[in-house]
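K.L.:
Pasting a predicted model and its sequence here:
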Amino acid sequence: MDFHPLNILYYNMFGIYFKDMECEKEKFVKFVKQNYHTFSSLPGSQHIASKSSQLNLLEVLHVFKPNIVLDWGSGIGTLIQLYCHVNARLIVAVEKNEWCRSQFISNIKTTHNVILKEELPSNFNFDFVVIDDEISLKSILSLISQESFPKVIFVEGWRNRTVAKLSFIILVHGLSANFTRGRSRSQEFELAEKEKSGAHFVLLKENSVDSLISWLKRCSKTHEFREFRNFLMQNLGLFRLLRLLNFNARSRRALRLKPKIRVQYWRRED
Ligand SMILES: C[S@@+](CC[C@H](N)C(=O)[O-])C[C@H]1O[C@@H](n2cnc3c(N)ncnc32)[C@H](O)[C@@H]1O
């Protein structure tokens with residue numbers, strides 16, 4: 001299945017998957033089940049990407065067919081087979097944890113196009129970026145300011161703060177981006193509960209007015225204001241101060257909604 005640039009444009013405009021994807025879905029679900037099964041039985045598998053996230057990522061990978069992928073926070077290497085599934089030419093995995101790196105090396109057998117690093121290398125132009133670990137503002141900035149910026153940035157798990165940071169930096173850099181929160185694929189995997197399912201940005205170069213409009217369209221979905229407020233509160237000690245003053249929203253709501261309980265005493269009349 002190959003996607004024409006017009007399909008990518010269509011995807012950018014409407015943010016939906018094509019009918020062709022439906023035909024491939026069964027194969028994708030089977031592949032993800034197998035990959036999840038393999039990695040969940042390996043040592044250190046507590047934090048691997050959920051099945052829903054993997055399926056969402058695989059679908060996006062199939063739309064964009066990237067050449068050079070950055071896997072930030074590779075852990076034990078769960079997502080590498082997904083990039084191989086779309087024949088990525090080069091996969092750069094970054095993992096800061098030494099033990100995870102050793103597990104990665106023993107888990108990933110096909111290493112001819114996979115490079116494992118401890119820190120973000122500066123000499124690549126990634127066209128697809130997957131973030132599954134804490135990432136500094138400096139690293140985000142260096143990714144966005146590459147010679148040609150990445151087409152897609154996929155953020156695994158919840159990572160609301162990373163999403164908010166990314167969205168704002170995209171605006172500051174004068175880029176536009178469509179933001180999609182992945183849905184839990186509980187149905188496909190016959191799960192009783194919803195799973196973490198990732199989110200992704202599709203980046204475009206447009207003029208600054210479009211960049212601003214695209215930010216306005218996505219900023220409620222990315223919860224940027226809430227994250228910014230939380231950041232300020234945690235970092236400036238405002239949170240504790242407001243709690244002391246009983247001014248935070250939860251306390252106010254609690255005060256307002258608190259039912260008035262009247263305690264009555266009856267005297268037993270003998
Ligand atoms: C959510 S995990 C990344 C998972 C990875 N993308 C995967 O699907 O296998 C985020 C970070 O947690 C750390 N981590 C994950 N598993 C770990 C383990 N078993 N022991 C220590 N650190 C771990 C690694 O530094 C990793 O980059």
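P.N.:
Sure thing, it's come through.

K.L.:
Tell me how many other residues crowd the residue of the stretch 51-200 of the chain found nearest the ligand.
P.N.:
Residue of the stretch 51-200 of the chain nearest the ligand, by CB to the nearest ligand atom: Gly75 (2.9 Å). Placement of C-beta: from N, CA and C, glycine included. Neighbour count for Gly75, taken as other CB atoms under 10 Å: 25.

K.L.:
Leaving out sequence neighbours, find the closest residue to it.
P.N.:
Cys100 (5.3 Å; CB to CB, 6 or more residues apart in numbering).

K.L.:
thought Leu79 was touching Val129?
P.N.:
No: look at Leu79 against Val129 with CB atoms under 8 Å: they stay out of range, at 11.9 Å.

K.L.:
how about stretch 208-228: buried residues?
P.N.:
Within stretch 208-228, the residues scored as buried using 16 or more other CB atoms under 10 Å are 211, 214-215, 218-219, 222-224, 227.

K.L.:
secondary structure class for the residue of the stretch 51-200 of the chain closest to the ligand?
P.N.:
Assigned by DSSP: H, G, I helix; E, B strand; the rest coil, the conformation of Gly75 is coil.

K.L.:
mind listing what it touches?
P.N.:
44, 47-48, 95, 97, 100, 104, 132-133 (CB atoms under 8 Å, 6 or more residues apart in numbering).

K.L.:
mind listing which of those are in helices?
P.N.:
100, 104 (DSSP state H).

K.L.:
of the contacts of Gly75, closest to Gln34?
P.N.:
Checking those against Gln34 by CB to CB gives Ile48 as the nearest, at 13.6 Å.

K.L.:
Pull the number of nearby residues for that closest one.
P.N.:
The burial count for Ile48: 21, using other CB under 10 Å.

K.L.:
Now the residue nearest to it when sequence neighbours are not counted, what are its backbone angles?
P.N.:
Distances taken as CB to CB, 6+ apart place Thr78 nearest to Ile48, at 4.4 Å, with adjacent residues excluded. Phi and psi for Thr78, reported as degrees, to the nearest 10, are phi -60, psi -40.

K.L.:
residues contacting Thr78?
P.N.:
Thr78 touches 35-36, 39, 45, 48-49, 54, counting by CB under 8 Å, 6+ apart.

K.L.:
Of the residues you listed, which is the most crowded?
P.N.:
Gln54 (29 neighbours).

K.L.:
so it sits right up against Gln34, yeah?
P.N.:
No: applying CB under 8 Å, one finds Gln54 not in contact with Gln34, separated by 10.5 Å.

K.L.:
just to revisit the earlier point, the residue nearest to Gly75: how many residues sit nearby?
P.N.:
That count, for Cys100 with other CB under 10 Å as the rule, works out to 20.

K.L.:
Same question for Ser142.
P.N.:
12.

K.L.:
same question, Leu116
P.N.:
For Leu116, using other CB under 10 Å, the count is 19.

K.L.:
anything in stretch 158-168 near the ligand?
P.N.:
No: using CB under 6 Å from any ligand atom, stretch 158-168 stays clear of the ligand, with a minimum separation of 9.1 Å.

K.L.:
Now do the buried residues in that stretch.
P.N.:
For stretch 158-168, by 16+ other CB under 10 Å, it's 159-168.

K.L.:
Same check on stretch 93-105?
P.N.:
93-95, 97, 100-101, 103-104.

K.L.:
May I have that stretch as CSV, with CA atoms only?
P.N.:
The C-alpha trace of stretch 93-105 is given here as CSV (Å, rounded to 0.1, in the frame of the first residue of the first chain):
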residue,chain,number,x,y,z
ALA,A,93,17.1,5.0,18.9
VAL,A,94,17.9,7.2,21.9
GLU,A,95,17.9,5.7,25.4
LYS,A,96,19.5,7.4,28.4
ASN,A,97,19.2,4.3,30.8
GLU,A,98,22.2,2.0,30.5
TRP,A,99,20.4,-1.1,31.6
CYS,A,100,17.7,-0.5,29.0
ARG,A,101,20.4,0.0,26.3
SER,A,102,21.9,-3.4,27.1
GLN,A,103,18.4,-5.0,26.9
PHE,A,104,17.8,-3.2,23.6
ILE,A,105,21.0,-4.6,22.1
